[in-house]
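Chemist: sharing a model prediction with you, sequence too.
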Amino acid sequence: MRSKPGYRLRRSVRTRETAERALRETGGPESVAVAPSAAQTIRRAQYLMARKAFPTDASLADAVGVHRSQITRWKAGDPASAENAWLLRDLALAAETLSEHFGPAASNAWLHGHSPELNGEAPLDAIRGGRVAEVLMALQAQVGGAFF
């Protein structure tokens with residue numbers, strides 16, 4: 001059965017008018033709060049934890065090897081590439097552990113400095129190489145006063 005000419009057009013106009021009326025009555029689309037997903041919350045937490053060891057977003061971007069705008073997107077909870085997601089997670093773990101013992105400036109200096117526990121390599125370079133466990137052991141040894 002065919003519908004009458006113009007029926008679809010009248011129907012779409014009514015639907016649009018109904019939607020516009022609903023938006024006016026509720027205060028518009030900006031009044032609707034959308035809760036972040038669990039994944040967004042976790043990504044934002046990782047950013048905040050990693051940021052503890054860096055004075056600025058730009059210095060965190062340099063450490064990860066991305067543009068500053070990418071850090072802004074991560075701050076909002078946007079996903080990172082797989083490689084950067086692992087690096088951000090590892091940096092977050094190291095920065096959180098560092099923040100338990102040192103302030104932000106000392107944490108940053110420790111990450112960039114050469115560590116005797118890592119055979120003179122900078123902890124940040126070891127983290128970039130996927131060796132966060134070694135970095136955490138080196139940190140624990142240094143905080144605990146162990147010498148190699």
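Modeler: Received it, and whenever you're ready, just let me know what you need. Keep in mind the model is a prediction, meaning the values are calculated, not measured.
Chemist: mean confidence for stretch 129-141?
Modeler: Averaging pLDDT along stretch 129-141 gives 92.
Chemist: do the same with stretch 81-98
Modeler: Stretch 81-98 comes out at a mean pLDDT of 91.
Chemist: mind listing what's buried along that stretch?
Modeler: Neighbour-count burial for stretch 81-98, counted by 16 or more other C-beta atoms under 10 Å, picks out Leu87, Leu88, Arg89, Asp90, Leu91, Ala92, Leu93, Ala94, Ala95, Glu96, Thr97, Leu98. The way it works is simple: take the backbone N, C-alpha and C, and place the C-beta from them, glycine included.
Chemist: and it, how far out from the chain middle?
Modeler: Relative to its chain's centre, stretch 81-98 lies at 9 Å (C-alpha atoms, centre = their mean, to the nearest Å).
Chemist: and if you look at stretch 122-138?
Modeler: 19 Å.
Chemist: now Asn108, what's its secondary structure?
Modeler: Classification of Asn108 by DSSP: H, G, I helix; E, B strand; the rest coil places it in helix.
Chemist: that one - nearest residue in space that isn't next to it in sequence?
Modeler: Nearest residue to Asn108 in three dimensions, chain neighbours excluded: Ala53, at 5.4 Å (C-beta to C-beta, 6 or more residues apart in numbering).
Chemist: name the next helix or strand downstream of the helix or strand bottoming out on mean pLDDT in the chain, please.
Modeler: Least confident helix or strand of the chain, by mean pLDDT, DSSP states H and E, is helix 7-26 with a mean of 56. Proceeding N to C from helix 7-26, the next assigned helix or strand is helix 38-51, under DSSP states H and E.
Chemist: I would like the residues contacting that following helix, please.
Modeler: 36, 57, 60, 71, 74-80, 85, 88-89, 91-93, 95-96 (C-beta atoms under 8 Å, 6 or more residues apart in numbering).
Chemist: report the buried residues of it.
Modeler: Arg43, Arg44, Gln46, Tyr47, Met49, Ala50, Arg51.
Chemist: break this protein into its domains for me.
Modeler: 1-34, 38-144 (automatic domain parsing).
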